[in-house]
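*Asks:* next one to model:
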Amino acid sequence: MSFWASPITVGTVGFLVLILALVVAAWTPMRRHFLTVLIAVNLAMLFSWLRWIDAACLLLFLVPPFLMARHHWGSGKPAPTRAVLGTVLLQIALFLVLRRYPGFDVSGLLGHPVAVIGVSYIMFRQIHLIVDAPYSTEPFSLARYFAYTTAVWSLLAGPIQRYPDFVAGLGKIGRPGEDALLASAHRITTGILKAFVLAPMLLETSKLGSAAGGEFNTFAWLATFYSYFIFLYLDFSGYTDIVIGCAGLCGFSTLPENFNRPYLSRNVQEFWARWHISLGTWFRDYVFTPLFRLLGDWSGWRSLFLTNIAALAVTFLLVGAWHGPGLNFVAFGITQAAGVVAAVSARALRERFLTPETQARVESNPILIGLSWLLCFHFICASFLLLENSPGDVARFLGAMLAHLAT
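*Replies:* From the prediction side, this is the model:
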């Protein structure tokens, strides 16, 4: 049983109370102690989810990265590779244990499962601190570390903020101007409309079972096919709108944007530059870039294209595996890797065989733009079904749908 009667999530009265406490602190002379209030609010949020054993595991998860970052903070010279790699691998191992990935599930030894809310987003921030600590100049302390890694407005589902932006946001705490205040209120209202009004309308139709049974109904099957991605976008982007707006009410205006009209993407690579942006940029900086350099050095940079393709494929396989321990998430990573590799390969072929002028005409052709958008949107709708369903169920659903539509 958790410390509180029920978990606090966005949309609950408890969350409203916590945000109001932060707003009061930001708008009054208490702003001098805003960091203390933020820590108290973070603890209240965490304790609403955690039992004593969960809290103990969270403490264990928080300590090593702080010690590592504190030791090398602002040194100006690289931390020992073994120390950095060892701490990162320790955090990843603890993450796999806490998320109960196959081969890492120790709940039987503990007598019951352990659940630490927001552990994956905490880990992203920790790895950022471990890697960047030697070159960081911002003030760093245990209080700031805890406030940053467990911030109430980004604990549950991001966005993934970098520490310098967090410190910059703390420096802006206060009552926002009228325009910023209205913008934050509008952002919150938009988020509530998307996450709690529109998204629930699509929840039932987004389930594959809603199209099963009885005679084939074209509308029902197409509604199921399109609903899940649209539901996920409305729910996730709505949540992001709410937390960015809530932070904005406190004058904290440095939370990163997470969505940039992803439904307009013309290929999968562009999609991941518009969807869950803070996740994509984190994987780019801390997985793809070092892996690209490692593979390039290992291969002697014989083929820049193949090195890029290999690094992209591994990165998106890890993106899929990060979503969860099931085979469906591995399949999701494979489909996204295939989509991104296809986009990069197509661009490489255009650059090799077409003149710059012809490329410009091709990329600005409205018919080709429409077709590429159509193909990308349907690929995303189909592949995102894997986030909630097994690969076999998705394959059977898509096969049956295409078979019936073809007749």
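
*Asks:* now stretch 31-38: buried residues?
*Replies:* R31, F34, L35, V37, L38 (16 or more other Cβ atoms under 10 Å). For glycine as for every other residue, the C-beta is placed from the backbone atoms N, C-alpha and C.

*Asks:* measure how buried the nearest residue to I160 once chain neighbours are set aside is and give me the count.
*Replies:* Nearest non-adjacent residue to I160, counting by Cβ to Cβ, 6 or more residues apart in numbering: S278, 4.0 Å away. A total of 21 residues lie near S278 under the criterion other Cβ atoms under 10 Å.

*Asks:* for the helix or strand containing S278, name the packing helices and strands.
*Replies:* Applying DSSP states H and E as the criterion places S278 in helix 277-283. In terms of contacts (3 or more Cβ pairs under 8 Å, 6 or more residues apart in numbering; DSSP states H and E), helix 277-283 is packed against helix 119-132, helix 304-322.

*Asks:* which other helices and strands contact the longest one?
*Replies:* In this case it means helix 304-322. Short answer (3+ Cβ pairs under 8 Å, 6+ apart): helix 304-322 packs on helix 277-283, helix 289-299, helix 327-353.

*Asks:* of the ones you listed, which is nearest K207?
*Replies:* With distances scored as Cβ to Cβ, the stretch of these nearest to K207 is helix 327-353 (14.3 Å).

*Asks:* could you list every residue that touches the closest residue to F292 other than its chain neighbours?
*Replies:* Of all residues not flanking F292 in the chain, A311 sits nearest, at 4.1 Å (Cβ to Cβ, 6+ apart). Contacts for A311 (Cβ atoms under 8 Å, 6 or more residues apart in numbering) come out as F288, L291, F292, L295.

*Asks:* from the residues you listed, which single one is nearest L203?
*Replies:* F288 (33.5 Å).

*Asks:* for that closest one, what are its contacts?
*Replies:* Applying Cβ under 8 Å, 6+ apart, the residues near F288 are A311, L312, T315.

*Asks:* adding distance to S253 and pLDDT, write those residues out as CSV.
*Replies:* Shown next, in CSV, are the contacts of F288 (distance: Cβ to Cβ, whole Å; pLDDT from 0 to 100):
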residue, distance to S253, pLDDT
A311, 34, 95
L312, 33, 94
T315, 30, 96
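
*Asks:* using JSON lines, lay out those together with distance to V197.
*Replies:* Formatted as JSON lines, the contacts of F288 follow (distance: Cβ to Cβ, whole Å):
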{"residue": "A311", "distance to V197": "41"}
{"residue": "L312", "distance to V197": "37"}
{"residue": "T315", "distance to V197": "35"}
